[in-house]
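J.: using only what follows, build the 3D model:
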Amino acid sequence: AGPEGDRLAQHLKTSGINVESRVVERGSRGVGEAILEEAQQFQADLIIKGAYTQSRLRQLIFGGATSDLINQASQPILMSH
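T.: Numbering: from 1, shown residues only. Next comes the predicted model:
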């Protein structure tokens, strides 16, 4: 989750929300695919993801985790920047 993810998780916990943050190992999968698989295995109700931008060209050529999540996630996504 990293420092920002841990801070956000702690903030949500103090608001009474049951939160667990995880670092997802990508392996040979795409980032979006790895996050979606982990969320499904964990039966997550919500995915929280950092919203960091890539160039439009890079996203066009390689795709992006954000696009994968938006197009394929069955649970809501909270983008945090």
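
J.: tell me where this protein is predicted with low confidence.
T.: Residues of the chain that meet the criterion pLDDT under 70 lie in 1-2, 51-63, 81.

J.: sec struct for the spatially most central residue of it, please.
T.: Geometric centre of the chain, nearest residue: Lys49, 3.4 Å, by C-alpha atoms, centre = their mean. Under DSSP: H, G, I helix; E, B strand; the rest coil, the three-state class of Lys49 is strand.

J.: wait, isn't it in contact with Ile70?
T.: No: with contact defined as C-beta atoms under 8 Å, Lys49 does not count as touching Ile70 (10.0 Å). In short, each C-beta sits where N, CA and C put it, glycine included.

J.: against Arg29, how distant is the residue nearest to the centre of the chain?
T.: 16 Å (C-beta to C-beta, to the nearest Å).

J.: sec struct for the spatially closest residue to Arg29 that is not a sequence neighbour, please.
T.: Closest residue in space to Arg29, ignoring its immediate chain neighbours: Glu37 at 7.1 Å, by C-beta to C-beta, 6 or more residues apart in numbering. Following three-state DSSP, we place Glu37 in the helix state.
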